[in-house]
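> any chance you could fold what I've pasted below:
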Amino acid sequence: MSTKKIVVTGIGATSPIGGTAASSWKNLLAGESGATTLEQEWVAELALPITFAAQARVPASEVLERIETKRLDPGSQFALIAAREAWADAGAPDVVPERFGVDWATGIGGVWTLLDAWDTLRERGPRRVLPMTVPMLMPNGPAAAIEMALGARAGARTVVSACASSTESIVNAYDHLQAGYADIIIAGGSEAAIHPLPIASFAAMQALSKRNDDPATASRPYDLTRDGFVLGEGGAALVLETEEHALARGAKIYAELLGGAVTSDAYHITAPDPEGSAAARAMIAAVANAGYSLDDVQHINAHATSTPVGDIAEYKALLHTFGDRLHDIPVSATKASTGHLLGGAGGIEAIFTVMALHDRLAPPTINLSEQDPEIPLDVVREPRALPAGDVLAISNSFGFGGHNAVVAFKTA
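As a prediction, the model looks like this:
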């Protein structure tokens with residue numbers, strides 16, 4: 001089978017630092033943080049130990065029609081906003097519906113719908129449970145919302161691989177385009193899990209930062225004082241298509257998607273393999289599958305959640321992959337600004353990687369005051385120019401269950 005060039009022709013996002021892909025990128029470069037104190041009554045009512053998160057900068061209710069917010073779980077709302085923006089950004093291509101697909105992702109699914117319905121059932125009885133509850137809570141709800149809104153009939157698939165989900169959806173989209181299942185695919189992911197139960201659960205496992213008094217500096221990858229991740233929400237979408245199809249319709253091209261790889265640790269349900277061997281295999285395979293050398297990689301968007309254990313495990317995986325050359329590769333840890341979007345993280349970070357290549361500008365990592373000496377990476381702290389010529393970058397995502405996914409992009 002001949003290898004086709006796959007390109008990115010549209011991007012869309014709603015994130016803790018912007019209501020669009022463009023504003024998210026602009027505010028990332030400006031060093032903004034999306035983490036704020038939660039004002040909801042349930043924080044005090046339930047005595048939650050963590051009182052902040054990185055909420056979507058622009059509420060979905062300000063973008064969607066009222067009927068859409070009533071019939072879609074918040075995770076699907078974010079998906080629809082991001083997908084519509086990406087589709088418009090790509091020029092709303094005139095494509096045969098049977099040649100247009102969706103590869104989407106979520107880590108948790110419709111947690112708001114599920115738990116609200118459970119409260120309704122217990123407090124008001126079965127007759128008051130909404131008939132749309134199951135379609136709203138099912139993990140494939142976001143993919144279905146996109147597929148129906150945009151008329152995609154080549155398949156609407158959903159990946160659920162914890163925090164690696166979105167990146168895995170992009171890997172799948174690449175494979176599906178290579179296999180000829182479609183000419184255009186919208187890929188990405190969304191998550192809306194800033195809910196009391198996930199907050200309480202993540203807090204119980206000591207995964208969240210406890211900086212209630214200073215949310216904006218709580219997400220601090222690689223810092224010696226990092227104490228956990230900041231829960232985020234949002235959605236991000238990329239329009240991917242074969243270069244032949246894109247050129248035939250005169251589309252603008254942001255970057256080339258070279259492919260990716262997926263591996264698994266087989267180690268622990270929540271902790272990463274401390275040696276990072278499977279994560280390293282994913283990085284090595286992502287670059288090798290694209291036909292490039294690891295020496296060609298000139299930028300990394302790291303998973304870098306700001307957890308004490310996770311950041312070191314990723315560093316070991318990076319060191320295993322790149323050897324001593326690692327310390328000359330500029331690394332951006334953008335969760336410092338956005339928080340951790342769980343199943344949506346890989347999508348927004350793929351967009352940041354694409355924009356870094358498009359603008360030849362590596363984005364900054366904020367809140368790094370005292371870098372952990374055990375992680376001597378070349379961390380980008382201010383926007384940094386990337387070199388001229390072909391530049392290859394990778395974006396890493398690792399999730400509970402030992403899921404590893406890596407995608408590789410190149411300047412167009």
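> which stretches of the stretch 101-250 of the chain form strands?
When assigned using DSSP state E, counting those that start in this stretch, the strands of the stretch 101-250 of the chain occupy the ranges 156-159, 184-191, 234-242.
> want to throw those into JSON lines with mean pLDDT, mean neighbour count and distance to Asp273?
Placement of C-beta: from N, CA and C, glycine included. Shown next, in JSON lines, are those (pLDDT from 0 to 100; neighbours: other C-beta atoms under 10 Å; distance: least, C-beta to C-beta, whole Å):
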{"stretch": "strand 156-159", "mean pLDDT": "98", "mean neighbour count": "22", "distance to Asp273": "21"}
{"stretch": "strand 184-191", "mean pLDDT": "98", "mean neighbour count": "34", "distance to Asp273": "23"}
{"stretch": "strand 234-242", "mean pLDDT": "98", "mean neighbour count": "32", "distance to Asp273": "27"}
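> can I get the ones you listed in CSV with distance to Gly402?
Shown next, in CSV, are the strands of the stretch 101-250 of the chain (distance: least, C-beta to C-beta, whole Å):
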stretch, distance to Gly402
strand 156-159, 15
strand 184-191, 19
strand 234-242, 24
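> these: which one's closest to Glu32?
Closest to Glu32 of the strands of the stretch 101-250 of the chain is strand 234-242 (C-beta to C-beta; 14.1 Å).
> circling back: among the strands of the stretch 101-250 of the chain, which is nearest Val95?
Nearest of those (C-beta to C-beta): strand 184-191, 5.2 Å.
> that closest one to strand 234-242, inter-axis angle?
Computed by axes from the mean of the first three to the mean of the last three C-alpha atoms, to 10 degrees, the angle separating strand 184-191 from strand 234-242 equals 160 degrees.
> keeping just the C-alphas, turn strand 184-191 into PDB.
This file holds the C-alpha atoms of strand 184-191, laid out as PDB (Å, rounded to 0.1, in the frame of the first residue of the first chain):
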ATOM      1  CA  ILE A 184     -11.400  13.800   5.400                       C
ATOM      2  CA  ILE A 185     -11.600  13.000   9.100                       C
ATOM      3  CA  ILE A 186     -12.300  15.200  12.100                       C
ATOM      4  CA  ALA A 187     -10.200  14.000  15.000                       C
ATOM      5  CA  GLY A 188      -9.700  15.100  18.600                       C
ATOM      6  CA  GLY A 189     -11.400  14.800  22.000                       C
ATOM      7  CA  SER A 190     -13.300  16.500  24.700                       C
ATOM      8  CA  GLU A 191     -13.900  16.200  28.400                       C
END
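> which other helices and strands contact that strand?
On a contact count with 3 or more C-beta pairs under 8 Å, 6 or more residues apart in numbering; DSSP states H and E, strand 184-191 meets helix 74-89, strand 100-105, helix 141-150, helix 165-178, strand 234-242, helix 345-359.
> give me that answer again for 6 Å
If you count contacts as 3 or more C-beta pairs under 6 Å, 6 or more residues apart in numbering; DSSP states H and E, strand 184-191 packs onto helix 74-89, strand 100-105, helix 165-178, strand 234-242.
> sorry, back to before: determine which of the strands of the stretch 101-250 of the chain approaches Val96 most closely.
Per C-beta to C-beta, nearest to Val96 of the strands of the stretch 101-250 of the chain: strand 184-191, 9.5 Å.
> who does that closest one pair up with?
If you go by DSSP bridges, strand 184-191 pairs up with strand 100-105 (parallel), strand 234-242 (antiparallel).
> so which of the ones you listed comes closest to Leu150?
Closest approach to Leu150 among the strands paired with strand 184-191 (C-beta to C-beta): strand 100-105, 7.4 Å.
> got the CA positions of that closest one in PDB?
The C-alpha coordinates for strand 100-105 follow below in PDB (Å, rounded to 0.1, in the frame of the first residue of the first chain):
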ATOM      1  CA  PHE A 100     -16.000  12.000   5.600                       C
ATOM      2  CA  GLY A 101     -15.400  10.500   9.000                       C
ATOM      3  CA  VAL A 102     -15.000  11.200  12.700                       C
ATOM      4  CA  ASP A 103     -12.400   9.800  15.100                       C
ATOM      5  CA  TRP A 104     -13.200  11.300  18.600                       C
ATOM      6  CA  ALA A 105     -12.200  10.600  22.100                       C
END
